[in-house]
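K.L.:
Sharing a model prediction with you, sequence too.
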Amino acid sequence: TMCIETDLRCFRGNHVSSSFTHNGDRTVTDIKTRFVWQLEVDGSNPDWVSAITYCDRLSFGSNSDWRLPNIKELQSITDAGQSSPAINSTAFPNTQSAYYWSSTTYLTDTTIVWSIPFNGVYVYQSRSKSVHTNYVRCVRGGQ
């Protein structure tokens, strides 16, 4: 068993089994966590504030309560059995092998936020809110 930073999620072997369902409205539900994810990722690479605004203003799938995921939520859709991108490509086609924003701010420096590079590296990366640009995948719901 391999545990990823701060023991957020553990893996046996090299693969994470997941249960994703396409909802037919440009959303995907993770049956295990009950999170509903944006299927397609906005092609832009906004800064962090713009990413927050994008999710807050997002309205589709008959819902308008979208938000930028925290680091644990974002990590929950990574797939250790995949790389470039490190995600279930059937559930999430067109995912970039690049950094994605989370809403989780670095504890000792609020100008930095945690991100995950979906390239097969499962180490959280700190990124400047104002200097860096990353991809965005919005989420809603959960347990």
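P.N.:
Noted; the coordinates are in hand.

K.L.:
Mind giving me the packing neighbours of whichever helix in the chain runs longest?
P.N.:
Assignment by DSSP state H gives helix 48-57 as the longest helix of the chain. Under the contact criterion of 3 or more CB pairs under 8 Å, 6 or more residues apart in numbering; DSSP states H and E, helix 48-57 touches strand 99-105. In short, each C-beta sits where N, CA and C put it, glycine included.

K.L.:
name the helices or strands packed onto the strand it packs on?
P.N.:
By 3+ CB pairs under 8 Å, 6+ apart, strand 99-105 packs against helix 48-57, helix 71-75, strand 112-117, strand 125-128.

K.L.:
Endpoint to endpoint, stretch 25-37 covers what distance?
P.N.:
Start to finish, the residues bounding stretch 25-37 are 11 Å apart (CA to CA, to the nearest Å).

K.L.:
Off-centre distance for that stretch?
P.N.:
Relative to the mean C-alpha coordinate of its chain, stretch 25-37 is positioned 12 Å out (CA atoms, centre = their mean, to the nearest Å).

K.L.:
now swap in stretch 98-109 and tell me
P.N.:
So, by CA atoms, centre = their mean, the centroid of stretch 98-109 is 11 Å from its chain's centroid.

K.L.:
Thr95 - nearest residue in space that isn't next to it in sequence?
P.N.:
Among residues not flanking Thr95 along the chain, Pro85 sits closest, at 4.3 Å (CB to CB, 6 or more residues apart in numbering).

K.L.:
wait, that neighbour sits on Gln96?
P.N.:
Yes: contact criterion CB atoms under 8 Å: Pro85 and Gln96 qualify, at 6.5 Å.

K.L.:
who touches both of the two?
P.N.:
Phe118 (CB atoms under 8 Å, 6 or more residues apart in numbering).

K.L.:
Looking only at neighbour counts, state which of the two leads.
P.N.:
Between Pro85 and Gln96, counting by other CB atoms under 10 Å, Pro85 is the more crowded of the two (21 against 18).
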